[in-house]
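# Any chance you could fold what I've pasted below:
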Amino acid sequence: MQPLGLINGEIIDINSNVVPMEDRGHQFGDGVYEVTRVYNGKCFALKPHMDRMYRSLRELRIPATYTFGELAEFHERLIQESGITEGGVYLQVTRGIAPRAHNFPENTVPRLTMSIRPIGAGTPLTAIRESGAKIIFISDERWLRCDIKSLNLLGNILGKQKAKETGCFEAVMLRDGLVTEGTSSNFFIVRDGVLWTHPVNNLILKGVTRTIVIEHIAAELGIPVIEKAFDGEFAKGTAEAFLSGTTTEIAPVVSIDGAPVGSGAVGPITRKIQYAYGKLIDLECMR
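Now for the predicted structure:
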């Protein structure tokens, strides 16, 4: 079992020096990415991830040069050849290789790179899902197209580092006083039995796990959902809160800026959503 890479359909050693100097992803962050979880040797929610990747490519006007079937095959090859059954597949598409200039180059072929790495039990996330996460609120200083899953992540990186330095798992961002999302997750609160989360627009990424929570889990459990912006003080007065994401899964939030959320323990609605999410993984990947 070992991490592996893939470039334009060819399996490679993940430690190979293979990024050309003039790849536009390397020089400009001119590209998009996705991360898909692997459980029991199977990809979970691969189609929604690839659909979002195609949308991001369209928004950046990067041609799609691989079909869904080809990308699914590449994921499967990485799983089979690496022997990794519990992990994550990272996929990246850049505009391609061209002499450095800001405008789009002509006749450039997009460049696909992928990698697979193990994600196992016993990681810090395992404990966080059980006992809950501490988060902080920070200012959202990112660009205004957060709906595109682009390679430009400096704002996210600086926020995540600030969270780490304050002993927190995640930094959740505020733009003009309103809560948007975490640096690598979507953010939900529970008030009076109702889920609240920021609406889908250019200020947040439409998370695959977020969509599963709203369209499948909450709908099946009969939990009302309000997609509406709210401020930080409204969030701090909530009974429960949680983060959602591909690698995060459903992570309860028990503290915001050092103050407890509700009773300071993981709430019952969050636990129900966690359990339902686990059942969906079992249905898709454990058979």
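# Longest helix in this protein, by number of residues?
What stands out as the longest helix in the chain, according to DSSP state H, is helix 268-285.
# helices and strands around that one, which ones?
Counting contacts by 3 or more Cβ pairs under 8 Å, 6 or more residues apart in numbering; DSSP states H and E, helix 268-285 is packed against strand 42-43, helix 208-212, helix 219-221, strand 240-245, strand 249-256. (Each C-beta comes from the backbone N, C-alpha and C, glycine too.)
# Apply 7 Å and report the result again.
Other helices and strands packing on helix 268-285, by 3 or more Cβ pairs under 7 Å, 6 or more residues apart in numbering; DSSP states H and E, are helix 219-221, strand 240-245, strand 249-256.
# Could you figure out how far the helix or strand where Leu125 lies is turned away from strand 249-256?
Element membership of Leu125, judged by DSSP states H and E, is helix 124-131. Taking axes from the mean of the first three to the mean of the last three Cα atoms, to 10 degrees, one finds helix 124-131 and strand 249-256 inclined to each other by 70 degrees.
# Report the angle between helix 124-131 and strand 240-245.
Using the same axes, to 10 degrees: helix 124-131 against strand 240-245 is 150 degrees.
# Report the buried residues of helix 124-131.
Leu125, Ile128, Arg129 (16 or more other Cβ atoms under 10 Å).
# quick one, what contacts the first one?
Just to be clear, that refers to Leu125. Contacts for Leu125 (Cβ atoms under 7 Å, 6 or more residues apart in numbering) come out as Thr248.
# Need the per-residue pLDDT for it.
pLDDT, Leu125: 87.
# Same question for the second one.
Among the per-residue scores, Ile128 holds a pLDDT of 94.
# for the stretch 51-200 of the chain, what are the low-confidence residue spans?
By pLDDT under 70, the low-scoring segments of the stretch 51-200 of the chain are 121-122.
# Mind doing that once more with 80?
120-123 (pLDDT under 80).
# Break down the stretch 51-200 of the chain into its strands, ranges please.
Secondary structure of the stretch 51-200 of the chain (DSSP state E, counting those that start in this stretch): strands located at 87-94, 111-118, 133-139, 170-175, 178-182, 186-191, 194-197.
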